Structure formats: C-alpha cells, structure tokens
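S.K.: model this:
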Amino acid sequence: MGSQAKGVFSVQRVAIIGAGPAGLAAAKYLVAQDAFETIDVYEQQSEVGGVWNYSPRPSQTLHVPQVSPHTPLDPPLRSEGGIVFPSPMYEMLHTNIPRCLMAFSDLPFPQESLIFPSRDDVQDYLVTYSRSLRNLFKFSTRVEDVRVWQSGGDGKDQWDVTFTSLETNISTTTTYDAVVVASGHYSLTYLPEVKGIREFHSAHPGVITHAKLYRTPTPFAGKKVVIVGNAASGLDIGAQISGVCRKLLLSVRTATPKPNLDFVGAEEVGVIDEFIVEERSVRFRDGRVEKDVDAVVFATGYLFAYPFLTSLKPELVKDGRHVHGLYQEIFHIEHPTLVFPGLPIKVVPFSVCESQAAIISRTWANLLHLPTRVEMHKWEEEETEKRGSSFHVWPKGGDAEFVNRVSDELRGGAGKNPPRWDSELIWEREIYSDAKLKFEIEGRRAKSLAELGFVPESTKEASAVGDIII
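M.R.: Next up is the predicted model:
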C-alpha cells in the first residue's frame, strides 16, 4: 500500500465501536490475524445487526429542518425488551442486492431465502455470522467519548474510550492502542432547509416526517402524500404508500426511470421550493401549488456524525457529507490507529467492509505499510477535488474494482483472505436493480434470479452448447 517504515504499529488492544456489518467484519479479520491481544466490541443495542436490527417503534425525535452534523443523536426508547435505538429499518423491507452478492464471503445465505432477503432474514444471518465472536461483545453499552494521547514518548497513540452501561448507568474508561469506528451512518437524518418549512412544521405538526420514522403504510391511508427523493428508500416507501393513499406525488431533482415510476404509482413533480402554512400547501419549482397536503416524507438520507470524537482536531465532519482527514476513506491520516470502515455509499456493503477489514488487520500487524503522511494528505486533497460534495459516493463498478484489487494484493498472505467476485457476482452487480424491480412487481416470491428471467450469458452459452451436443 505504500512506503511507510516497517514496524510502525504496536497494536495489541483494539476497541471496535458498533456490531453492525462493518464492526462484525472488522472483528472477524482482526481475530483471524492472530496478532492482537484484546479485541472489545461495544454495541449500544442488546444484539448485533446495526441498521438491520429492527424496532417496531420508530424514533420519537424529528428536527425540521436538520442540516448540521453537530445535532445531538436521537435518544433511545424504552420498551419491554429494554433500551432500543431505533434504526431506519421498516417492516416490509427487502435487500436491494441478491443474496449471493449480499453475503459475507465465508457464510452463504440459506438456500431457502428469497433472492432478495427480507430484513428479518438479514438480521438472523448477522446473528449467525457473529456466533464465533460472541465473547468479544459488550452489549447495551454506549461509547460516550474517545480521545487520543501519546504514551512513553515513542509517538505511539493511545486511545481512552469512555463507555456507559445502559443497564447500570455506570461509566468506565479503558485504554486501547487502536479504535475501529463502525458506528454506521444511518442515525442522524438529513432534512433540508426549505423556505417556510419551520413555520409549516410549527403550524402543522406531524405532516412533515423523514424516512427513518417510516414503518408501515397504514398511517397514510386515504391521504395526499408527497415523497421527497427517488433513491432506493424513496421509491420503496412510495410504492408501499401508493397502495393505500389517496394521491401520491414524488418530488425529485432528476427524473425517475419510467419502469420504477410506473411501479411506484406516483405523479412525478419537481423540487419543493416553499412550504405555505395556508391550506397546508407546497409550492414546487415550476410554480405549481399543491394544497391540503396530509404528509410529506423526506427520503433525503443521513449525515455522518461522531459525537464521541469531538475532541479530535481538526474536526472530522463539517457539513456531514464528508469525513475529513482520512486516507483511502479508512485510516485517519494523523492518527492511523483510528479507522472508519463502511463509509462508502452506493456499494455492496458486506464485501467492501470485508476488504477494508483485511487491509486494517494486516496494516496494524505491520504486514502492509501506509504511505507517508504527506502522501496520504495529497491523496485526500486530490480526491476531494475530483469528487466534490459526493466524496463517499462511489461510481458504478467501484466496489467490484476495489474488492478484486484488494483480493489480488492480499490473497494468500497471513490472516483471513478477503473476498473476490467472480464473473457471475460482477454480473449480478450489474443487473441487480432491474432484477429487484421485477422481484417487487412479481410479488416478492422469487428465490433465484433465474425465476425472474435473469441468467448470465456464460450459463446461456453453456446451455446452448449442451443442446448442440445432445
């Protein structure tokens, strides 16, 4: 990976914050590296899963608007099962990614699973994946503060991690040599500032909401609804709501592909320019005014936020869109014993997290070597110039290129081998969006891509050759 001096790391004690997919992958690879004395995984929920850990009750907190990453995170809810931090997971959600591509490299999804597994199937899968790691977890434990200091004058960073047991409310501080920040980025909602939105929300509380709070379409029955955003969650939630609402408008910046729009069953409109208190109205960019709007659901995404890392300077996030000061979107440049797996957006997440975990574990074991700080800062400056405000959004095919490049560089070395995508997995990555739409249209019953009419060219060719021979 670079030219940094050998033996630069002396990592023995590692803290992982979060037991979602990124945290689980990091734990698996760090354990397999067999180079670290202690690995502790801190998880604020009572079970693994991260964003896939469903709670029937959504968050009760909504800031309108919400554009700052420095807003306090939503407080937990108390239920019969204990303390719950609601995720954006809704009741009738299925993955967008076929199960073979979705899976970690060492554990396939059960064959009886749907080709696009349900959210509860994914949660069960993650619990199964975590079985060999259960001794590492500290559940119902929230990390409150992480701060760096140096020990012994050798320039080796040490990290004080302060955490609170949610069961006893007792706080403790433990020192580690390295920290994996796998806390996810689906906690702090982004809800844009629009003219009149504050006054509208004050006059008509409950009309404006965010996709994070959505669970079922029932509350929207018989209503006039506006969905803001046509990414995956906006389209999926829109399709569910359209079956029960009186009228559905889809507010977008760029046109929705016609097959998707037809399936959603919405009328596409432009960006909302203004909220008007009178007659619960919204004005769109083309001047159209829609009156008597009953619900506006912002499917506008989330902001990166790390409230437990506020002591780190310069600050990691400014506008919530870009985690600053990182090399390859993983290593903190000034403190490379602090890492952030799972940041890339519009990727197949489990495989990317595995590849990142392989890089992290081998780097901290001094089997890979980072470039100099000057070179790493130069990389970030050049990438920021190229990527702009969408820094962590990878281009189409970027995940396949990354996964296979890491596999080529690391496969066969000490530790756990990272995944590799063969031609069929790459093909699945190329067609998954069309296949998911057909899966939805046909009632969410298919257990294979072939049932949906999607077959790789190599399979078609092999079948044709077989026919000729016969």
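
S.K.: can you show me the helices along this structure?
M.R.: With helices called from DSSP state H, the chain shows them at 21-33, 99-102, 119-129, 197-203, 232-242, 258-264, 349-364, 373-387, 398-410, 423-441, 457-469.

S.K.: of all those helices, which one is nearest G320?
M.R.: Smallest distance to G320 across the helices of the chain (CB to CB): 15.4 Å, for helix 373-387. For glycine as for every other residue, the C-beta is placed from the backbone atoms N, C-alpha and C.

S.K.: how far does that closest one sit from its chain's centre?
M.R.: Relative to its chain's centre, helix 373-387 lies at 23 Å (CA atoms, centre = their mean, to the nearest Å).

S.K.: kindly report the same for stretch 283-297.
M.R.: Distance of stretch 283-297 from the chain centroid (CA atoms, centre = their mean) equals 30 Å.

S.K.: give me every residue that touches D177.
M.R.: S10, V11, Q12, R13, V14, K156, D157, Q158, W159, T337 (CB atoms under 8 Å, 6 or more residues apart in numbering).

S.K.: so who does G81 touch?
M.R.: Contacts for G81 were tallied using CB under 8 Å, 6+ apart; they are S46.

S.K.: ditto for F200
M.R.: Applying CB under 8 Å, 6+ apart to F200 gives the contacts V207, I208, F275, I276, V277, R280.

S.K.: which of those tops the neighbour count?
M.R.: F275 (24 neighbours; other CB atoms under 10 Å).

S.K.: identify the bridge partners of it.
M.R.: Residues in a beta bridge with F275, per DSSP bridges, are V282.

S.K.: thought it was touching V289?
M.R.: No. Applying CB atoms under 8 Å, one finds F275 not in contact with V289, separated by 10.9 Å.

S.K.: list buried residues within the contacts of D177.
M.R.: By neighbour count, with 16 or more other CB atoms under 10 Å, those hold V11, R13, V14, D157, Q158, W159, T337 as buried.

S.K.: just to revisit the earlier point, nearest to S87, out of the helices of the chain?
M.R.: Nearest of the helices of the chain (CB to CB): helix 119-129, 9.8 Å.

S.K.: contacting residues for the nearest residue to Q356 once chain neighbours are set aside?
M.R.: The shortest distance from Q356 to any non-neighbouring residue, by CB to CB, 6 or more residues apart in numbering, is to P341 (4.3 Å). Neighbour list for P341: A22, A25, A26, V180, A182, I330, C353, Q356, A357, I360 [criterion: CB under 8 Å, 6+ apart].

S.K.: and which of those residues is nearest to Y432?
M.R.: Nearest to Y432 among the contacts of P341, with distances taken as CB to CB, is C353, at 17.8 Å.

S.K.: so how many other residues sit close to that closest one?
M.R.: C353 has 27 nearby residues by other CB under 10 Å.

S.K.: for L136, state which of the contacts of P341 is nearest.
M.R.: A26 (10.6 Å).

S.K.: surely that closest one touches V180?
M.R.: Yes. Judged on CB under 8 Å, A26 makes contact with V180 at a distance of 4.7 Å.

S.K.: in the stretch 1-150 of the chain, where is pLDDT below threshold?
M.R.: 1-7 (pLDDT under 70).

S.K.: which stretches in it count as strands?
M.R.: Ranges of strands in the stretch 1-150 of the chain, per DSSP state E, counting those that start in this stretch, are 13-17, 38-42, 77-79, 82-84, 137-138, 141-150.

S.K.: what lines up beside the fifth one in the sheet?
M.R.: The reference is to strand 137-138. strand 38-42 (parallel).

S.K.: same thing with the first one?
M.R.: In its sheet, strand 13-17 lies beside strand 38-42 (parallel), strand 178-181 (parallel), with partners assigned from DSSP bridges.

S.K.: dump those strands to CSV, plus mean neighbour count and distance to E80.
M.R.: Converted to CSV, the strands paired with strand 13-17 look like this (neighbours: other CB atoms under 10 Å; distance: least, CB to CB, whole Å):
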stretch, mean neighbour count, distance to E80
strand 38-42, 20, 24
strand 178-181, 27, 31
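
S.K.: who wins for proximity to F109 among the helices of the chain?
M.R.: helix 99-102 (4.0 Å).

S.K.: list the buried residues for that closest one?
M.R.: In helix 99-102, counting by 16+ other CB under 10 Å, buried: R99, L101, M102.

S.K.: cool, stretch 38-54 as well?
M.R.: Buried residues in stretch 38-54 (16+ other CB under 10 Å): 39-46, 48-54.

S.K.: also stretch 304-321?
M.R.: Quick answer for stretch 304-321 (16+ other CB under 10 Å): F304, A305, Y306, P307, F308, L309, L312, L316, V317, G320, R321.

S.K.: what's the end-to-end length of it?
M.R.: With CA to CA, to the nearest Å as the measure, the ends of stretch 304-321 fall 6 Å from one another.

S.K.: can you list contacts of that stretch?
M.R.: In contact with stretch 304-321 (CB under 8 Å, 6+ apart) are residues 17, 67-73, 143-148, 181, 183, 185, 187-188, 190, 303, 322-325, 332, 335, 338, 343, 389-392.

S.K.: now which of those residues would you call buried?
M.R.: Neighbour-count burial (16+ other CB under 10 Å) applied to the contacts of stretch 304-321 gives 17, 69, 71, 143, 145-146, 148, 181, 183, 185, 187-188, 190, 303, 322-323, 325, 332, 338, 343, 391-392.

S.K.: hang on, the earlier thing: which neighbours do A26 and V180 share?
M.R.: Residues touching both A26 and V180 by CB under 8 Å, 6+ apart: I16, P341, I360.

S.K.: let's have those residues in a markdown table, adding distance to E424.
M.R.: Shown next, in a markdown table, are these (distance: CB to CB, whole Å):
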| residue | distance to E424 |
| --- | --- |
| I16 | 32 |
| P341 | 26 |
| I360 | 28 |
